[in-house]
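Asks: could you work out the structure for the sequence below:
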Amino acid sequence: MRQYLHWKTYLVIFALSIVGLALYYFNQVAKDVAVEEQNRVIMLVEAIKTVAIAAPTSQSDVTYATKMIDENKTIPLFITDEHFKIIDTRNLDSTRLRDDPQYLERKFNQFKSLHPPIPYDYSTPGMNGKGYLVYGDSNLLNRLRYYPLLILAITFLFGLIVVIAISNAQRSLQNQVWVGMSKETAHQIGTPLTSIVAWMELLKETESNKEWIAEMEKDVSRLQLIADRFSKIGSIPQLKEENLATRLQAMVEYMRMRKPKKVTIDFEHNEDDVQVLLSGPLFDWVIENLMRNALDAMEGEGRIFIKLVNQPRVVTIDVCDTGKGIPKNNFKKVFAPGFSTKQRGWGLGLSLAKRIIEKYHNGNIFVKSSESGTGTTFRIIFRR
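Replies: This is a model prediction of the structure:
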């Protein structure tokens, strides 16, 4: 059992236990107050009877009973005859009585359903003194009844604040880990790159090496670009207007040189000049990541199709493939850190892509559609 429990579970159990005890305590207090008010109403019945039939010799009893009746300032009640015709009322809202014609009847029916009417009988020869006393709950008892709901609401609000705070703390910790890992990776790559560039300059002095050096320079430039991308994670990138169509075309050409032979990559756009504020290296990383995931999903055979649509308010980019597809319940999970369907995957690519698009470019990236065995479409949206 202990393997499924941790300090957060114990904390939740402890908090729920405190709430449960508080609710039980206030419920018991409300029950005690309800019993006490019922006893007071029974005493009021006796006081009314004493006032009604007392002989002149029992003036002290009459005085005490009258005082008891007058001191009832909290319990609202109706005094009726034996046919439930209202004779008198006590402690009702005088303003509502004046302004609302239905108030009296509504309260009377409410009190009858809330507590059984208490009968009284002070009949004497020649006088019918039978009737009922119909009463409701005092304001104090009503507050006690609703107090547990208030505690639940406060507890829920407090729990929500705690959950949000913990989530933000965890997200901040994840961000720090990503930033630290990215900058350390950029630093580790940058150190040997500097040496490689120096060695390449020496190799250039030999004429026969020029063809090899040209190819090596391409790979070194690629490594420098990767290091630059990693170094930008965690810092706010400088955005500048760039032609999105040109940027995408360059990435398509780059991936065409590295795709399997049985995979085709097509690019379609409705305009040749689509100006958008971009961090070019980071955006290229996102597109490359989506295309590499598509290549993995297609397992060496299929089609990648990129469509760029320029609209007055937004620019949309659809990256489609004919791969294995993503189950619908994983549409949002694929962007979670650590989530990966690959055996050796780290689950950081799409998470970083989402961060780059949504945090740095104020855009959106999501799974637009996907079907098992048919393929997946990711959509990126940039707003003007």
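Asks: show me where the stretch 201-350 of the chain has helices.
Replies: In the stretch 201-350 of the chain, the helices defined using DSSP state H, counting those that start in this stretch lie at 210-232, 244-256, 280-298, 349-354.
Asks: next, count neighbours for S138.
Replies: Counted with other CB atoms under 10 Å, the neighbours of S138 add up to 20. Yep, even glycine has a C-beta here, placed from its N, CA and C like the rest.
Asks: I'd like the helices of the stretch 201-350 of the chain as CSV, with mean pLDDT, distance to S113 and mean neighbour count appended.
Replies: Putting these into CSV (pLDDT from 0 to 100; distance: least, CB to CB, whole Å; neighbours: other CB atoms under 10 Å) gives the following:
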stretch, mean pLDDT, distance to S113, mean neighbour count
helix 210-232, 74, 70, 14
helix 244-256, 91, 69, 17
helix 280-298, 89, 65, 21
helix 349-354, 85, 57, 21
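Asks: between these, which one is closest to L141.
Replies: helix 349-354 (54.0 Å; CB to CB).
Asks: centre-most residue in the protein?
Replies: Computing the C-alpha centroid of the chain and ranking residues by CA atoms, centre = their mean puts I164 first, at 8.1 Å.
Asks: how about the strands of the stretch 251-384 of the chain, start to end?
Replies: Assigned by DSSP state E, counting those that start in this stretch, the stretch 251-384 of the chain shows strands spanning 262-269, 275-278, 301-310, 314-321, 364-371, 375-383.
Asks: quick check: buried residues in the second one?
Replies: In terms of neighbour count (16 or more other CB atoms under 10 Å), strand 275-278 has its buried residues at 276, 278.
Asks: ok, it: who's next to it in the sheet?
Replies: strand 240-243 (antiparallel) (DSSP bridges).
Asks: give me the residues contacting the strand it pairs with.
Replies: For strand 240-243, the surrounding residues in contact (CB atoms under 8 Å, 6 or more residues apart in numbering) are 273-278, 280.
Asks: export these as TSV, with columns for distance to I265.
Replies: Shown next, in TSV, are these (distance: CB to CB, whole Å):
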residue	distance to I265
D273	22
V274	19
Q275	24
V276	21
L277	26
L278	21
G280	20
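Asks: can you name the two of these that are farthest apart?
Replies: That would be D273 and G280, which, of those, are the farthest apart (CB to CB) at 15.9 Å.
Asks: surely Y120 forms part of a strand?
Replies: Yes - under DSSP: H, G, I helix; E, B strand; the rest coil, Y120 falls within a strand.
Asks: that one and Q275, how far apart?
Replies: 89 Å (CB to CB, to the nearest Å).
Asks: again with E211
Replies: For E211 relative to Q275 (CB to CB), the value is 38 Å.
Asks: distance check, E299 against F14.
Replies: Per CB to CB, E299 is found 51 Å from F14.
Asks: over to I365?
Replies: Distance from I365 to F14, by CB to CB: 40 Å.
Asks: show me the helices in the stretch 1-150 of the chain, by range?
Replies: Secondary structure of the stretch 1-150 of the chain (DSSP H, counting those that start in this stretch): helices at 7-53, 59-70, 94-99, 103-114, 139-203.
Asks: go through those and find the least confident stretch.
Replies: Lowest mean pLDDT within the helices of the stretch 1-150 of the chain: helix 59-70, a mean of 62.
Asks: neighbours around the nearest residue to R379 once chain neighbours are set aside, how many?
Replies: Among residues not flanking R379 along the chain, K368 sits closest, at 4.1 Å (CB to CB, 6 or more residues apart in numbering). The tally of other residues near K368 (other CB under 10 Å) stands at 15.
Asks: ok, now which ones touch K368?
Replies: Neighbours of K368 in contact, by CB under 8 Å, 6+ apart: 318, 377-379.
Asks: tabulate the helices of the stretch 201-350 of the chain (JSON lines), appending distance to N310.
Replies: As requested, the helices of the stretch 201-350 of the chain are exported to JSON lines (distance: least, CB to CB, whole Å):
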{"stretch": "helix 210-232", "distance to N310": "26"}
{"stretch": "helix 244-256", "distance to N310": "8"}
{"stretch": "helix 280-298", "distance to N310": "16"}
{"stretch": "helix 349-354", "distance to N310": "21"}
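Asks: closest to D81 out of the ones you listed?
Replies: Closest among the helices of the stretch 201-350 of the chain, using CB to CB: helix 349-354, at 75.4 Å.
Asks: gap between stretch 217-232 and the chain center?
Replies: Centre-to-centre, stretch 217-232 and its host chain are 39 Å apart (CA atoms, centre = their mean, to the nearest Å).
Asks: whoops, stretch 241-249 was the one
Replies: Distance of stretch 241-249 from its chain centroid, counting by CA atoms, centre = their mean, is 36 Å.
Asks: what do you get for stretch 328-341?
Replies: With CA atoms, centre = their mean, you get 18 Å for stretch 328-341.
Asks: let's have the chain start at 438 instead
Replies: OK, 438 is where the count begins now, so the last one is stretch 765-778.
Asks: CA atoms only for that stretch, dumped as CSV, please.
Replies: The C-alpha trace of stretch 765-778 is given here as CSV (Å, rounded to 0.1, in the frame of the first residue of the first chain):
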residue,chain,number,x,y,z
LYS,A,765,-7.7,10.9,-29.8
ASN,A,766,-7.1,10.6,-26.1
ASN,A,767,-3.4,11.5,-26.7
PHE,A,768,-4.0,14.7,-28.7
LYS,A,769,-3.1,16.8,-25.7
LYS,A,770,-0.7,14.3,-24.0
VAL,A,771,1.7,14.4,-26.9
PHE,A,772,2.7,18.0,-25.8
ALA,A,773,3.3,16.9,-22.2
PRO,A,774,7.0,16.7,-21.1
GLY,A,775,8.2,13.1,-21.0
PHE,A,776,5.4,11.7,-23.1
SER,A,777,6.6,9.6,-26.0
THR,A,778,5.5,6.7,-28.0
